[in-house]
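S.K.: Give me a 3D structure for the following:
(chains A, B, C and D)
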Number of protein chains: 2
Amino acid sequence: MKLSKRKQQILEAIVEVHIATAEPVGSRTIARKYKLGVSPATIRNEMADLEEMGLIEQPHTSAGRIPSQQGYRYYVDQLMQKGSLTEKEENLIKAVFARQVRELATLIQDTIKLVTQLTDYLVFLSGPQLENATFHQIRFLQLAPQKALLVVMAESGWVESKVVDLPVPVTPEELEQITQVFNSYFRGLTFSQITRTMLRGVYDELTRKRQLIDLTLEIIETLLTKESAEGLYLGGARNILKQPEYRDIRRVRELLDLIEGEEVLKSLLMETQPTGINVRIGKENKFQEVEDCSVVTAVYTFGGNVVGAVGLLGPMRMDYARAIAVIEYITHALSEVLTRSRLL
Amino acid sequence: MKLSKRKQQILEAIVEVHIATAEPVGSRTIARKYKLGVSPATIRNEMADLEEMGLIEQPHTSAGRIPSQQGYRYYVDQLMQKGSLTEKEENLIKAVFARQVRELATLIQDTIKLVTQLTDYLVFLSGPQLENATFHQIRFLQLAPQKALLVVMAESGWVESKVVDLPVPVTPEELEQITQVFNSYFRGLTFSQITRTMLRGVYDELTRKRQLIDLTLEIIETLLTKESAEGLYLGGARNILKQPEYRDIRRVRELLDLIEGEEVLKSLLMETQPTGINVRIGKENKFQEVEDCSVVTAVYTFGGNVVGAVGLLGPMRMDYARAIAVIEYITHALSEVLTRSRLL
DNA sequence: ATTAGCACTCTTCAAAGAAGAGTGCTAAAA
DNA sequence: TTTTAGCACTCTTCTTTGAAGAGTGCTAAT
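M.R.: Take a look at the predicted model:
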């Protein structure tokens, strides 16, 4: 779709003013705020054209115009200036991520909180998936005749374990045999090649030399409070109520349904393309539940592999430039911290 | 506070009708629905008395009456008939709890969902605390010169483990030494006596005899997706919007603040008295944030010890009889399942 | 002690009107 | 041919008004 320079300017003005005010934008407002050197009447003519092209629409006969879904799309693809964070904001992010990271769950919660502070949208994040990690080995630690601890290790250094209630009494030799089988068969494969689901990372902080007893004590403590690395993490639900779109309680209800349902948000993260920032506007989303919302997502990585995604959900009238800038910065920072701290 | 039989009947009528309708209750309504054998005028006189005693109040000069906080309290303590679940509802609960429980997290989520279906209030639940469990032993499994898996066991059978990055290279003998120290010093003490925090349970299902390899595979899978046993679990936020009290977006905002804040809800669960059902009405709650809400909580147990609590939060105009019945039934059922399935 | 009757108060709802914003069209100007 | 001033018209929003309804408190009669 080709637009004259002036039509572009007018469309941009409509989108930007509407994003800022949540109100329909009239020809006078544009003439006043953006000095295009033409009168409102001329702008009106152009607006009639833009409406015919489907880029803007009129809520009712005598209101200003609001961008249509396609209008937003054109804006995002062609007109929008790349946004950036203030130095202060970047420093805030760096400060949070510079802290020594003990627990993956803490890191994720901190990230959510951070994004919550930086935007007024719903923040959602999928915990690291380990599908593409490489199996290293398993080990058994027998605890009782019918009870053992199974330890799973990935080549990256990730280790996880779980108690197994054995169906029958088993000798150490039998356990050893199973271990052999696994380790010879699976070494070097990714977990997704072995099973299908794959999550959870473990790591621990370094402490001083001779304080091994203290350390052990501390480990017991953190062990007992450790949190999941799977599933969906959320924040900012309260923020989104600031948006005038959510003045109607029904919209809020739909939003809470979405949040409690989880599946849609998970799918949105799953579908995220690994390259760049994904922007889905209105009905571009496959899910009916979010067809009047927009979603900005991007993946984050560990050692170059995609392991999860972060998303923002807001009204179509979202500040795309800012949302994109925040998601971009955060996913990069998160990838870096994750890789650096070897939490996976 | 002594009330005549008739005043009691009138107060009960006001509370019950108001709970059902969310509207102020007038003298005529009471005369019509409850056959007290007196005219509206008489009821009006009694209502004037009840108002003077602080049990009911008038939103404005010419509206009906609504119960005051003290009115609800009197109702809950003196007038309310004990509620009960329908057979169908009890069967639903039994059906859910009869399923083989693999994961503690799943059990908790199921419980929340259940209560969400049974009431229209916010459901919140604290995961099992293990403070009062008894330490049994620890074990180390060395994974690398500076890396080991620490396994912690409680006498109840609970086991948890975590990878430890050792600050310096350690010999197996040194690890053995530390193990000895811990096991001799701490055996028989509760975790709260040893450290302060204490959570997380692990268990696994029994499978068939020779399928150890399959089992191991499955364990890897579930291990990688295991979830936290700590913290606060929530549900039913969407439900509570059905309450007319939450037609105002500001109330919803406060509610979301409460949910995202978590601290207040956690405190409410912490403060729950171990005996019976706790009902806190309006300002009886210490927290300003919930001073126009009511909270019904009760603890659940494992092997006789209190390990967590379940709560319902709703408007003061809550159906107390039902809320209490649900919480009572659920906490008992949960305690029983937990103990039976040895998840802790 | 109870009740019928009634004046009074307050809320809620709908209708009506005024104000304001913005458009589209026409005819004139550039 | 493009732009613009002018103006009638439409639609929303806000305020006012008035009527209807619910419920009370008081008084006097039962």
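
S.K.: Which positions in chain A make contact with DNA strand C?
M.R.: Residues of chain A lying close to DNA strand C by Cβ under 7 Å from any atom of the strand are A:23-29, A:40-41, A:44, A:47-48, A:51, A:58, A:62-65. Glycine gets a C-beta too; all of them are placed from N, C-alpha and C.

S.K.: what about burial for these, which qualify?
M.R.: Applying 16 or more other Cβ atoms under 10 Å in any protein chain shown to the residues of chain A next to DNA strand C, the neighbour count classes A:24, A:25, A:26, A:27, A:29, A:44, A:47, A:64, A:65 as buried.

S.K.: Could you dump these into a markdown table with secondary structure added?
M.R.: Below are these laid out as a markdown table (DSSP: H, G, I helix; E, B strand; the rest coil):
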| residue | secondary structure |
| --- | --- |
| A:24 | coil |
| A:25 | strand |
| A:26 | coil |
| A:27 | helix |
| A:29 | helix |
| A:44 | helix |
| A:47 | helix |
| A:64 | coil |
| A:65 | strand |
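
S.K.: Name the nearest of the residues you listed relative to DNA strand D.
M.R.: Within those, the smallest distance to DNA strand D is 7.5 Å, found for residue A:44 (Cβ to the nearest atom of the strand).

S.K.: pretty sure that closest one is touching residue A:28, no?
M.R.: No: counting by Cβ atoms under 8 Å, residue A:44 does not reach residue A:28; the two are 9.4 Å apart.

S.K.: immediately after the lowest-mean-pLDDT helix or strand in chain A, which helix or strand?
M.R.: Least confident helix or strand of chain A, by mean pLDDT, DSSP states H and E, is helix A:212-224 with a mean of 36. Later in the chain than helix A:212-224, the nearest helix or strand by DSSP states H and E is strand A:232-235.

S.K.: Pairing partners for that next one, with directions?
M.R.: According to DSSP bridges, strand A:232-235 has the following sheet partners: strand A:122-126 (antiparallel).

S.K.: Touching, residue A:97 and residue A:337? I think so.
M.R.: Yes: counting by Cβ under 8 Å, residue A:97 touches residue A:337, with 4.6 Å between them.

S.K.: Nearest residue to the middle of chain A?
M.R.: Centroid-nearest residue in chain A: residue A:310, 1.0 Å away (criterion: Cα atoms, centre = their mean).

S.K.: Grab the nearest non-local neighbour of that residue.
M.R.: residue A:125 (4.8 Å; Cβ to Cβ, 6 or more residues apart in numbering or on different chains).

S.K.: out of the residues of chain A next to DNA strand C, which touch DNA strand D?
M.R.: Among the residues of chain A next to DNA strand C, the ones lying near DNA strand D by Cβ under 7 Å from any atom of the strand are A:41, A:62, A:63.

S.K.: pLDDT at residue A:174, what is it?
M.R.: For residue A:174, the pLDDT comes out at 68.

S.K.: try residue A:210
M.R.: pLDDT, residue A:210: 31.

S.K.: ditto for residue A:159
M.R.: Confidence at residue A:159, expressed as pLDDT, is 73.

S.K.: Who does it form a beta bridge with?
M.R.: Beta bridges link residue A:159 to residue A:153, judged by DSSP bridges.

S.K.: In chain A, spot the helix with the most residues.
M.R.: In terms of residue count, the longest helix belonging to chain A (DSSP state H) is helix A:320-341.

S.K.: Could you check that helix and say which residues are buried?
M.R.: Buried-residue list, helix A:320-341, by 16+ other Cβ under 10 Å: A:320-331, A:333-335, A:337-339, A:341.

S.K.: remind me which residues of the stretch 151-300 of chain A are low pLDDT?
M.R.: Applying pLDDT under 70 to the stretch 151-300 of chain A flags residues A:158, A:160-170, A:174, A:177-178, A:181-182, A:185, A:191-230.

S.K.: ok, now with 80
M.R.: In the predicted model, the stretch 151-300 of chain A carries pLDDT under 80 at residues A:151-171, A:173-187, A:189-231.

S.K.: could you pull out the helices for it?
M.R.: Per DSSP state H, counting those that start in this stretch, the stretch 151-300 of chain A carries helices over the ranges A:172-186, A:191-194, A:212-224, A:237-240, A:249-261, A:263-270.

S.K.: got the buried residues for the strand or helix carrying residue A:89?
M.R.: Taking DSSP H and E as the criterion, residue A:89 maps to helix A:87-98. For helix A:87-98, the neighbour count (16+ other Cβ under 10 Å) marks A:89, A:93, A:96, A:97 as buried.

S.K.: Counting neighbours, which bits of stretch A:262-276 end up buried?
M.R.: Residues of stretch A:262-276 classed as buried by neighbour count (16+ other Cβ under 10 Å): A:264, A:265, A:268, A:269, A:272.

S.K.: Please apply the same query to stretch A:237-256.
M.R.: For stretch A:237-256, burial by neighbour count (16+ other Cβ under 10 Å) applies to A:237-241, A:243, A:245-246, A:251-256.

S.K.: The residues you listed also near chain B: which ones?
M.R.: The subset of those within reach of chain B, by Cβ under 8 Å from any Cβ of the partner chain, is A:237, A:238, A:241, A:246, A:252, A:253, A:256.
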